[in-house]
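Peer 1: Fold the following for me, if possible:
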Amino acid sequence: MDRIDTPTATALVTTSRTVERLVQGQATSDGAGVKLVRVLTQDLQRRLDPFLMLDAFGTENPGDYIGGFPDHPHRGFETVTYMLQGRMRHRDSAGNEGLLVPGSVQWMTAGRGVIHSEMPEQQEGAMEGFQLWLNLPGKTKMQPPGYRDIPSGEIPEWHAEGVTARVIAGATHGVAGAVQREDTEPLYLDLHLAPGARFEQPLPATHNAFAYVYRGSLSVAGAEVRRGRMAILANPRPDFRIGGTGGAGADGVVLEAGAEGARAVLIAGRPLREPIAQYGPFVMNTQQEIIQAVEDFRAGRLA
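Peer 2: I've put the predicted structure just below:
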């Protein structure tokens, strides 16, 4: 694992973004009855473009996950699965197979279409993690499908006093993540903060961003974000002062852990600003493209 240690967390942000709103996820089930919390729902896709969905799952009850996610199709976006606890086996119609274990990531590009399954490889014990859906631009939605397993030891980390940042995508404090994407420029950090620890992350003004707390609590510009809440971070606005030329506004975000410490994912990306047409596991730009995706699936052209 790439690791960079810094004695203290270097000040990189002049003005932190604030919390625009707090969101509590919706309890639901998917696959063959897997219980989860849908944190980023379809009504937030425009606001948090290029991200389409974030599911958080976590349980010690095998009945909540044992059915797994049998064969199902995708087209037009990428899925990013990050495991915290448990073991999940991936198989797909492109011939890929991999085992997700604690700390590892599966990054799958559905592209023009793939059918895959994600099934638990355990009969008991905890199962916990996240699945994020990242949109593809229209020009690459029909690219060949791709798949990458990223073992825990291959996810770079940045360390400072009381802070560990696992860099899944993007970069922080000079540490490049395991994945880079040109069009959406995603940032995906798993942050482990000791009680009272502070973490700063610069963010381009153009990027949409949010943080989801899954242990403890955080403070963002004075707003408390408790466990199980997603904080949508306000986009910076120019400061049009009389006689001035306009300021740059917030240049990043500052997260401070509460008395219990915190663990959270910080996610940001450059919006595509393209039409979104979705029908279940298909995400395209037009309804005609959705109709074609359904026809291709029914005709076996995604296999």
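
Peer 1: Tell me where the chain is predicted with low confidence.
Peer 2: Applying pLDDT under 70 to the chain flags the ranges 1-11, 238-248.

Peer 1: go again using 50 as the cut-off
Peer 2: Applying pLDDT under 50 to the chain picks out residues 7-8, 240-247.

Peer 1: just checking, what's the longest strand in it?
Peer 2: In the chain, taking DSSP state E as the definition, the longest strand is strand 252-269.

Peer 1: which SS state does E289 fall under?
Peer 2: Put simply, E289 is helix when judged by DSSP: H, G, I helix; E, B strand; the rest coil.

Peer 1: ranges for the strands of the stretch 201-303 of the chain?
Peer 2: For the stretch 201-303 of the chain, the strands defined by DSSP state E, counting those that start in this stretch occupy 208-220, 223-226, 229-233, 252-269, 277-279, 282-284.

Peer 1: still on that earlier bit, can you get me the centre-to-centre distance for the longest strand of the chain and its chain?
Peer 2: How far strand 252-269 lies from its chain's middle: 14 Å, per C-alpha atoms, centre = their mean, to the nearest Å.

Peer 1: And it, what's buried?
Peer 2: By neighbour count on 16 or more other C-beta atoms under 10 Å, the buried set for strand 252-269 is 252-258, 261-269. The C-beta positions use only the backbone N, C-alpha and C, and glycine is treated the same way.

Peer 1: What of stretch 96-112?
Peer 2: Applying 16+ other C-beta under 10 Å to stretch 96-112 flags 96, 98, 100, 103-112 as buried.

Peer 1: Compute the number of surrounding residues for the nearest residue to K141 once chain neighbours are set aside.
Peer 2: Sequence neighbours aside, G76 is the residue nearest to K141 in space, at 4.4 Å (criterion: C-beta to C-beta, 6 or more residues apart in numbering). Using other C-beta atoms under 10 Å, G76 is surrounded by 28 other residues.

Peer 1: Which secondary structure elements does whichever strand or helix holds R148 sit against?
Peer 2: Per DSSP states H and E, R148 falls inside strand 146-150. For strand 146-150, the elements it packs on are strand 88-92, strand 97-100, strand 105-109, judged by 3 or more C-beta pairs under 8 Å, 6 or more residues apart in numbering; DSSP states H and E.

Peer 1: Please, where are all the strands along the stretch 1-150 of the chain?
Peer 2: Counting by DSSP E, counting those that start in this stretch, the strands of the stretch 1-150 of the chain are 3-5, 19-24, 26-30, 34-40, 51-59, 69-74, 77-85, 88-92, 97-100, 105-109, 114-120, 127-135, 146-150.

Peer 1: Could I get those in CSV, plus columns for distance to E157?
Peer 2: Listed next are the strands of the stretch 1-150 of the chain as CSV, based on distance: least, C-beta to C-beta, whole Å:
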stretch, distance to E157
strand 3-5, 5
strand 19-24, 26
strand 26-30, 30
strand 34-40, 24
strand 51-59, 22
strand 69-74, 29
strand 77-85, 14
strand 88-92, 22
strand 97-100, 19
strand 105-109, 13
strand 114-120, 26
strand 127-135, 18
strand 146-150, 13
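
Peer 1: Nearest to A303 among the ones you listed would be which one?
Peer 2: Closest to A303 of these, according to C-beta to C-beta: strand 114-120, at 6.0 Å.

Peer 1: With distance to F282 added, can I get the helices and strands packed on strand 146-150 in CSV?
Peer 2: CSV is the format used below for the helices and strands packed on strand 146-150 (distance: least, C-beta to C-beta, whole Å):
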stretch, distance to F282
strand 88-92, 16
strand 97-100, 23
strand 105-109, 14
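
Peer 1: right, so of those, which gets closest to A126?
Peer 2: strand 88-92 (12.3 Å).

Peer 1: for the closest one, packing partners?
Peer 2: strand 97-100, strand 105-109, strand 114-120, strand 146-150.

Peer 1: and those strands as TSV, adding distance to G67?
Peer 2: As requested, these are exported to TSV (distance: least, C-beta to C-beta, whole Å):
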stretch	distance to G67
strand 97-100	17
strand 105-109	19
strand 114-120	8
strand 146-150	23
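
Peer 1: These: which one's closest to S217?
Peer 2: The nearest among the helices and strands packed on strand 88-92, by C-beta to C-beta, is strand 105-109 at 25.2 Å.

Peer 1: what sits up against that closest one?
Peer 2: Here strand 105-109 makes contact (C-beta atoms under 8 Å, 6 or more residues apart in numbering) with 74, 78-83, 90, 92, 96, 98, 100, 114, 116, 136, 143, 145-150, 155, 168, 178-179.

Peer 1: if you set the cut-off to 7 Å instead, what comes out?
Peer 2: 78-82, 90, 98, 100, 116, 145-150, 155, 168, 178-179 (C-beta atoms under 7 Å, 6 or more residues apart in numbering).

Peer 1: Just the buried subset of those, please.
Peer 2: Of these, these count as buried by 16+ other C-beta under 10 Å: 78-82, 90, 98, 100, 116, 145, 147, 149-150, 155, 168, 178-179.
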